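Colleague: Based on what follows, work out the 3D shape:
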Amino acid sequence: MFSKAVKYIEQNNYDNWFILSAKYGLLSKEQMIVPYDLTLKNMKVSERKSGLKLSLNK
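Modeller: Here you go, the predicted structure:
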């Protein structure tokens, strides 16, 4: 799914885009991270909201 999103972004010439990571929060497209086994889908709504708030306050 991620590769389809990137393909769409590239086809539409979007310059500035970000990735929402369940573990690391909001990431720029240039940031490299180590693989991990955590998804937003399996998190409680409250966990997702608090993680997003933390990443937006960086």
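Colleague: quick one: F2 from K49, how far?
Modeller: Here F2 is placed at a distance of 22 Å from K49 (Cβ to Cβ, to the nearest Å). Glycine gets a C-beta too; all of them are placed from N, C-alpha and C.
Colleague: where along the chain do the strands fall?
Modeller: Shown for the chain, the strands assigned by DSSP state E span residues 18-21, 25-28.
Colleague: What pairs with the first one, parallel or antiparallel?
Modeller: Looking back up the chat, that one is strand 18-21. strand 25-28 (antiparallel) (DSSP bridges).
Colleague: now the strand it pairs with: how far from the chain's centre is it?
Modeller: Distance of strand 25-28 from the chain centroid (Cα atoms, centre = their mean, to the nearest Å) equals 5 Å.
Colleague: Need the CA coordinates for it. CSV is fine.
Modeller: Taking C-alpha atoms only, strand 25-28 is exported to CSV below (Å, rounded to 0.1, in the frame of the first residue of the first chain):
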residue,chain,number,x,y,z
GLY,A,25,5.3,9.8,14.6
LEU,A,26,5.5,12.2,11.7
LEU,A,27,8.5,11.6,9.4
SER,A,28,9.9,13.5,6.4
